[in-house]
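Asker: what shape does this take:
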Amino acid sequence: MTKLNATSIPWGDGHWTNEPVAAKASEDGLRVTAVEGSDAWRTTSYGFVHDSEHALLRSFEQDSAVEVEFVVDFTEQFDQAGIFLRVDDETWIKAGIEVSDGQEQLGAVVTRSESDWSLAPVPEWGGRRVTVRASREGNAVTIRARVDAEPWRLVRVAPLAADALVAAGPFCCAPSRSGLVVHFTAWRTTPADDSLHP
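Answerer: Sure thing, here's the model as predicted:
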């Protein structure tokens with residue numbers, strides 16, 4: 001994946017799927033306080049539908065990419081933040097860092113009527129700055145992530161219809177507690193990745 005020119009997206013360009021407790025923009029980013037119990041999930045294994053995530057979204061066009069950067073400062077089960085892509089109530093993707101079973105995990109939930117979930121432990125990413133990138137081209141979206149300036153890791157390749165109207169941007173959830181504050185440090189758009197593999 002070659003280095004591409006990036007354009008910052010103003011925080012005010014997005015619209016919340018669900019309003020957080022607070023969202024305060026400053027020179028160093030956006031701090032979002034999540035509602036206790038906020039989450040995004042559909043049916044699989046747990047049997048419930050949660051659509052109370054805090055996702056700040058704007059249009060995500062074909063042949064482009066979106067990056068969300070944030071500081072990993074999570075302590076409780078299922079604290080999470082990253083990037084959210086939404087087509088409709090039953091078609092969406094979230095990807096980023098989530099605390100599961102006591103450690104930071106890099107993962108994605110891809111939802112088409114029902115959710116699936118994949119995770120990989122990254123405890124060494126705690127306390128650091130993570131960027132999650134979604135690149136849209138053809139009938140797919142490619143999710144990558146990295147910590148600080150380390151190389152990108154491939155997280156997921158998922159189907160996404162070429163003609164779908166998609167919105168994307170930063171998100172956070174706090175399924176198990178109150179008081180989660182996520183510091184988002186950047187929201188950017190770039191051209192799509194030039195290839196799936198380096």
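
Asker: downstream of the host helix or strand of residue 108, the next helix or strand is which one?
Answerer: According to DSSP states H and E, residue 108 maps onto strand 103-112. Where DSSP H and E defines the elements, the next helix or strand beyond strand 103-112 is strand 114-121.

Asker: centre of the chain versus the strand holding residue 108, how much separation?
Answerer: Distance of strand 103-112 from the chain centroid (Cα atoms, centre = their mean, to the nearest Å) equals 9 Å.

Asker: which residues touch residue 44?
Answerer: 114-117 (Cβ atoms under 8 Å, 6 or more residues apart in numbering). The way it works is simple: take the backbone N, C-alpha and C, and place the C-beta from them, glycine included.

Asker: just to be sure, residue 55 is in a strand?
Answerer: Yes - applying DSSP: H, G, I helix; E, B strand; the rest coil, one finds residue 55 inside a strand.

Asker: against residue 152, how distant is it?
Answerer: 22 Å (Cβ to Cβ, to the nearest Å).

Asker: wait, residue 182 sits on residue 172?
Answerer: Yes - using Cβ atoms under 8 Å, residue 182 is in contact with residue 172, at 4.3 Å.

Asker: shared neighbours of these two, which are they?
Answerer: In contact with both residue 182 and residue 172: 32, 34, 81, using Cβ under 8 Å, 6+ apart.

Asker: on the three-state scheme, the residue positioned nearest the centre of the chain is what?
Answerer: Most central in the chain under Cα atoms, centre = their mean is residue 83, positioned 1.6 Å from the mean C-alpha point. Secondary structure for residue 83, judged by three-state DSSP, is strand.

Asker: okay, and the closest residue in space to residue 155 that isn't next to it in sequence sits in which element?
Answerer: Ranked by Cβ to Cβ, 6 or more residues apart in numbering and with sequence neighbours excluded, the top spatial neighbour of residue 155 is residue 143, at 4.3 Å. Using DSSP H and E, residue 143 sits within strand 140-147.

Asker: many thanks, I have nothing further to ask.
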